[in-house]
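>>> Have a look at this prediction, sequence included:
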Amino acid sequence: MTGRSALILCAACGLLVLAACTEKPQTGGGVRVDAPPYAGTGSNFTQPGWKAGDKAGWEQQLKARQQYGQNEYTRSTR
């Protein structure tokens with residue numbers, strides 16, 4: 001009986017190891033953002049003087065970033 005119980009124990013351990021190594025299910029939902037981008041994050045990384053929800057100021061800052069070369073789409077490789 002010890003040989004059979006050892007075989008069952010090894011099989012159970014093998015199944016446990018295989019179950020632990022499986023891939024987690026992917027929901028495919030992505031990141032959902034309910035707030036508009038100009039609402040802000042409330043973090044310390046905002047520009048001084050900018051208030052969350054200021055859409056005109058947010059758009060102005062984006063235009064300024066594009067003019068000063070901080071646009072990742074038009075940045076040239078050096």
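Nice, thanks for sending it over.
>>> Low-confidence regions, the protein specifically.
For the chain, residues meeting the criterion pLDDT under 70 lie at 1, 32-33, 42, 70-78.
>>> Find the centremost residue of it, please.
Centre of the chain computed as the mean C-alpha position; nearest residue by CA atoms, centre = their mean is residue 31, 7.2 Å away.
>>> Let me know the secondary structure of it.
coil (DSSP: H, G, I helix; E, B strand; the rest coil).
>>> And it, how far from residue 44?
22 Å (CB to CB, to the nearest Å). C-beta: built from backbone N, CA, C; applies to glycine.
>>> And for residue 17?
45 Å.
>>> Mind checking which of the two has more residues around it?
residue 17 (9 against 5; other CB atoms under 10 Å).
>>> And the more buried one, which helix or strand is it part of?
Residue 17 is located in helix 2-20, with elements delineated by DSSP states H and E.
>>> Check residue 43 too.
With DSSP H and E as the test, residue 43 turns up in no helix or strand.
>>> how far does stretch 61-70 sit from the chain's center?
With CA atoms, centre = their mean, to the nearest Å as the basis, stretch 61-70 stands 25 Å off its chain's centre.
>>> Show me what counts as buried in it.
Of all the residues in stretch 61-70, not one is buried under the rule 16 or more other CB atoms under 10 Å.
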